[in-house]
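Peer 1: Sequence unavailable; structure follows:
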């Protein structure tokens with residue numbers, strides 16, 4: 001009889017099991033990284049929208065309340081709310097802009113405006 005060189009069935013099954021474990025770990029890491037990238041993008045977009053709302057309020061005359069700027073269509077699902085609080089004898093306003101994405105609060109930005 002010739003001695004045959006090769007892998008036994010058990011060796012092949014063990015190597016397949018090890019490859020499956022490595023693949024499952026890699027796919028889990030990719031899924032987690034993808035979710036983290038999505039959350040970071042969502043927060044960056046909300047921050048930029050909040051900053052644009054603050055700039056809008058600062059450009060306009062001093063008022064008791066402000067209506068938020070219409071958010072462009074490419075930011076579907078984002079909603080901004082502007083709250084004001086009068087401080088220091090009515091001369092300073094605290095402006096709070098809250099941006100939500102699909103009814104989930106993403107970011108809040110505070111700024112101040114002076115009545116001159």
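Peer 2: Noted; the coordinates are in hand. Keep in mind the model is a prediction, meaning the values are calculated, not measured.
Peer 1: quick one: least confident helix or strand in this structure?
Peer 2: strand 104-114 (a mean of 89; mean pLDDT, DSSP states H and E).
Peer 1: Now do the buried residues in it.
Peer 2: 106, 107, 109, 111, 113 (16 or more other CB atoms under 10 Å). In short, each C-beta sits where N, CA and C put it, glycine included.
Peer 1: In JSON lines, list the residues you listed along with distance to residue 62.
Peer 2: Output for the buried residues of strand 104-114, formatted as JSON lines (distance: CB to CB, whole Å):
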{"residue": "106", "distance to residue 62": "28"}
{"residue": "107", "distance to residue 62": "25"}
{"residue": "109", "distance to residue 62": "19"}
{"residue": "111", "distance to residue 62": "14"}
{"residue": "113", "distance to residue 62": "7"}
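Peer 1: So which residues of this protein form strands?
Peer 2: 78-87, 92-101, 104-114 (DSSP state E).
Peer 1: Throw these into TSV and include distance to residue 33, thanks.
Peer 2: Formatted as TSV, these follow (distance: least, CB to CB, whole Å):
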stretch	distance to residue 33
strand 78-87	24
strand 92-101	20
strand 104-114	20
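Peer 1: Among these, which comes closest to residue 54?
Peer 2: In terms of CB to CB, the element of the strands of the chain nearest to residue 54 is strand 104-114, at 4.7 Å.
Peer 1: quick one: strands adjacent to that closest one?
Peer 2: strand 92-101 (antiparallel) (DSSP bridges).
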